[in-house]
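1. here is the input, now give the coordinates:
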Amino acid sequence: MDTTRAQDARVTSAAPHTAETTAAEPGRKTGPGTDQAVRETLEDYTLRFAPRSYRRWSPMVVATTALGGIAYMADFSIGAGIGLTHGTGNALLAITVAAVVIFVTGFPLAYYGARYNIDLDLITRGSGFGYYGSVLTSVIFASFTFIFFALEGSIMAQGLEYGLGMPLWLGYLVSTVMVIPLVIYGMKALSRLQVWTTPVWLLLMVAPLVYLVATDPGTVDRFLAHAGTDGDGGVNTASVLLGAGVCLSLIAQIGEQIDYLRFMPPRTEANKRGWWTAVVMAGPGWVVLGALKQAIGVFLAVYILAEVGPATATEPIQQFRSALDAMLPSWTVVPLAVALVVISQIKINVTNAYSGSLAWTNSFTRVTGKYPGRLVFVLVNLGFALALMEADMFSFLNSLLGFYSNCAIAWVVTVATDIGVNKYLLGLSPHAPEFRRGMLYAVNPVGVVSFVAASGLSIAMYFHALGDAMQPYSPVAAAVIAFVLTPVMAVVTRGRYYLRRTDDGIAEPLLDPEGNPSAVTFECHVCGERYERPDVTACQAHGAVVCSLCLSTDRPGVHVLPASPAPA
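-> You can find the predicted model right below:
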């Protein structure tokens with residue numbers, strides 16, 4: 001506490017243009033929208049850098065909270081759909097290929113989110129896309145959240161129909177409405193929910209599987225021998241790639257993981273081992289558990305196939321009802337199966353609704369300069385999800401995810417390549433991420449061109465524009481084009497479109513001596529709140545300090561610093 005007071009005193013003396021000296025200047029308040037934005041975003045620092053003063057959780061608490069969000073049951077359906085269609089051998093290879101790609105691309109993103117305490121949209125802005133260019137990827141991510149909300153909500157509705165006799169249409173509505181009270185609140189509420197429900201979820205999921213394998217080893221043989229409806233039991237490259245494409249639709253899950261990882265404490269010599277463990281485990285490591293769940297989905301689908309038929313063998317409620325029935329008295333089976341489904345769906349759908357509302361709000365605020373409130377976009381996201389559920393998206397699940405994966409792969413691979421190659425190998429992209437308006441160009445062709453080319457060509461391949469033989473290779477094309485074109489564009493443009501300015505007008509360094517974002521605070525002369533160093537810049541109009549969100553809602557641009565003069 002004494003250190004913070006000393007830092008504040010040092011900043012006040014070093015930077016005379018703070019709110020205390022500019023209170024009478026025009027432009028101090030920009031209206032009710034700014035006040036509302038400040039109040040709401042200070043709950044969990046949505047749309048902005050997460051300050052050290054807020055990040056009070058240990059690395060393991062953050063990791064547990066982040067991993068709690070992947071308790072979803074869609075993995076069981078995805079794995080089951082691939083396995084029943086292409087056979088167990090092809091399905092397991094597809095799951096493995098996708099998991100490796102997701103882990104490798106997710107690592108640099110998770111590191112940047114945890115190290116610099118910003119979400120994936122803020123990372124994307126400074127990693128090849130520009131201030132407005134990343135609106136494209138924000139919409140892609142928002143689409144991911146409502147597609148998977150709809151998928152999880154459909155699974156929950158299936159459970160409510162099976163256990164309570166509730167009509168599906170009503171189950172869709174219930175699964176949507178029940179998350180609203182939970183998602184209104186931010187990180188504090190979500191961390192409590194995830195930590196307390198995870199042990200129950202793990203017990204209900206793992207116990208029946210262990211029992212089945214231990215008491216009936218023949219289930220493993222039948223699982224491994226399943227040939228699929230489109231296969232002959234052998235490994236087929238096209239089948240593996242088609243299955244991997246469906247699994248790779250989950251590549252955007254790293255964005256939801258980073259929504260939690262941005263609250264990691266500073267990395268120090270004392271905590272670096274636990275810090276790295278938490279980042280790897282809850283960042284790219286989520287896919288290890290995800291891949292296991294997909295493989296389990298294949299196992300359970302094959303196990304119940306003769307009993308329920310292929311149409312319902314992909315439904316998790318049927319899979320776990322059958323697994324629990326082999327282990328427990330019949331009167332306990334339905335209640336426990338329904339409990340497992342409901343707990344799983346609540347755990348993931350609060351995250352889907354929360355992350356989706358951030359993505360929509362972020363895009364809208366940047367484009368319009370207005371902040372309508374995050375709750376508005378919670379409802380928008382849930383509205384999209386409910387429409388998909390009522391349209392029975394579960395019946396065309398693999399087709400929808402296969403198409404979507406092309407966009408998601410192009411985005412994530414572009415950003416990961418910019419970090420890994422353009423920043424660290426070529427040195428053409430600035431190492432420290434930048435996200436503030438005025439510091440970035442509106443659009444950076446490095447990321448935007450790479451993303452549009454990779455997603456556009458891969459989508460054309462997916463819809464057979466380049467022939468039937470090329471269709472299974474669309475996810476490979478998305479990844480390869482993004483990986484190759486991102487550094488090529490950086491070299492062609494010589495990295496000129498990353499930073500509009502290299503100096504934000506404040507002498508205090510952005511990072512402390514250990515490389516963590518500085519905890520020194522400044523007062524924004526527009527909203528009157530104090531923010532840590534990475535979240536502020538100098539103000540062009542008043543010679544004071546302005547925070548990143550007030551810059552975003554400054555429609556006339558009076559506070560935005562001018563571009564640096566071009567070199568001679």
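
2. you'd agree residue 501 is in a helix?
-> No. With DSSP: H, G, I helix; E, B strand; the rest coil as the criterion, residue 501 is assigned coil and is not in a helix.

3. hmm, it is touching residue 436, no?
-> No. Applying CB atoms under 8 Å, one finds residue 501 not in contact with residue 436, separated by 9.4 Å. Glycine gets a C-beta too; all of them are placed from N, C-alpha and C.

4. the two: which is more packed in?
-> For residue 501 and residue 436, the more surrounded residue by other CB atoms under 10 Å is residue 436, and the numbers stand at 26 against 18.

5. that one and residue 207, how far apart?
-> 49 Å (CB to CB, to the nearest Å).

6. please apply the same query to residue 536.
-> 51 Å.

7. burial of residue 104, as a residue count?
-> Residue 104 has 14 nearby residues by other CB under 10 Å.

8. again but with residue 356, I slipped
-> Quick note: residue 356 (other CB under 10 Å) scores 29 neighbours.

9. now do the contacts for it.
-> 141-142, 145-146, 149, 377-378, 381 (CB atoms under 8 Å, 6 or more residues apart in numbering).

10. tell me which two of those residues sit farthest apart.
-> Greatest spatial distance among these (CB to CB): 141 and 378, at 15.1 Å.

11. which residues of the stretch 101-250 of the chain score low on pLDDT?
-> 182-198, 231-233 (pLDDT under 70).

12. hmm, I typed the wrong one, I wanted the chain.
-> 1-44, 46, 69, 182-198, 231-233, 394, 397-398, 565-568.

13. residue 536 and residue 207: which is more packed in?
-> residue 536 (28 against 15).

14. the more buried one: what's it in contact with?
-> 504, 506, 522, 524, 545-548.

15. let's see that with 7 Å instead.
-> 506, 522, 524, 545-547 (CB atoms under 7 Å, 6 or more residues apart in numbering).

16. can I get the residues you listed in TSV with distance to residue 220?
-> Listed next are the contacts of residue 536 as TSV, based on distance: CB to CB, whole Å:
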residue	distance to residue 220
506	62
522	61
524	61
545	63
546	62
547	57
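
17. adding neighbour count, secondary structure and distance to residue 57, write those residues out as JSON lines.
-> Compiled in JSON lines, those are given as follows (neighbours: other CB atoms under 10 Å; DSSP: H, G, I helix; E, B strand; the rest coil; distance: CB to CB, whole Å):
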{"residue": "506", "neighbour count": "17", "secondary structure": "coil", "distance to residue 57": "28"}
{"residue": "522", "neighbour count": "27", "secondary structure": "strand", "distance to residue 57": "25"}
{"residue": "524", "neighbour count": "26", "secondary structure": "coil", "distance to residue 57": "26"}
{"residue": "545", "neighbour count": "29", "secondary structure": "strand", "distance to residue 57": "28"}
{"residue": "546", "neighbour count": "33", "secondary structure": "strand", "distance to residue 57": "29"}
{"residue": "547", "neighbour count": "28", "secondary structure": "strand", "distance to residue 57": "23"}
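
18. ok, the residues you listed vs residue 564, which is closest?
-> Out of those, the member with the shortest distance to residue 564 (by CB to CB) is residue 506, at 14.9 Å.

19. not counting its neighbours along the chain, what's nearest that closest one?
-> residue 538 (5.6 Å; CB to CB, 6 or more residues apart in numbering).

20. can you give me the distance of that neighbour to residue 509?
-> Computed with CB to CB, the distance linking residue 538 and residue 509 is 14 Å.

21. and for residue 436?
-> 15 Å.

22. got it, and residue 160?
-> Taken as CB to CB, the span from residue 160 to residue 509 is 54 Å.

23. for residue 45, same thing?
-> Residue 45 is 21 Å from residue 509, by CB to CB.

24. these two: who's more crowded?
-> Applying other CB under 10 Å to residue 45 and residue 509 shows that residue 45 carries more neighbours, namely 23 against 10.

25. leaving out the residues flanking it, which one is nearest to that one?
-> Per CB to CB, 6+ apart, closest to residue 45 is residue 54, 6.1 Å.

26. and the helix or strand hosting residue 381, C-alpha only, in PDB?
-> Residue 381 belongs to helix 374-390 when assigned by DSSP states H and E. C-alpha atoms of helix 374-390 as PDB (Å, rounded to 0.1, in the frame of the first residue of the first chain):
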ATOM      1  CA  ARG A 374     -22.500  -5.000 -21.700                       C
ATOM      2  CA  LEU A 375     -25.900  -6.400 -20.700                       C
ATOM      3  CA  VAL A 376     -27.300  -5.300 -24.000                       C
ATOM      4  CA  PHE A 377     -24.900  -7.600 -25.800                       C
ATOM      5  CA  VAL A 378     -25.400 -10.400 -23.300                       C
ATOM      6  CA  LEU A 379     -29.000 -10.400 -24.500                       C
ATOM      7  CA  VAL A 380     -28.000 -10.000 -28.200                       C
ATOM      8  CA  ASN A 381     -25.700 -13.000 -28.000                       C
ATOM      9  CA  LEU A 382     -28.300 -15.100 -26.200                       C
ATOM     10  CA  GLY A 383     -30.900 -14.100 -28.800                       C
ATOM     11  CA  PHE A 384     -28.600 -15.400 -31.600                       C
ATOM     12  CA  ALA A 385     -28.000 -18.600 -29.700                       C
ATOM     13  CA  LEU A 386     -31.700 -19.200 -29.000                       C
ATOM     14  CA  ALA A 387     -32.500 -18.700 -32.700                       C
ATOM     15  CA  LEU A 388     -29.900 -21.400 -33.600                       C
ATOM     16  CA  MET A 389     -31.300 -23.800 -31.000                       C
ATOM     17  CA  GLU A 390     -34.900 -23.400 -32.100                       C
END
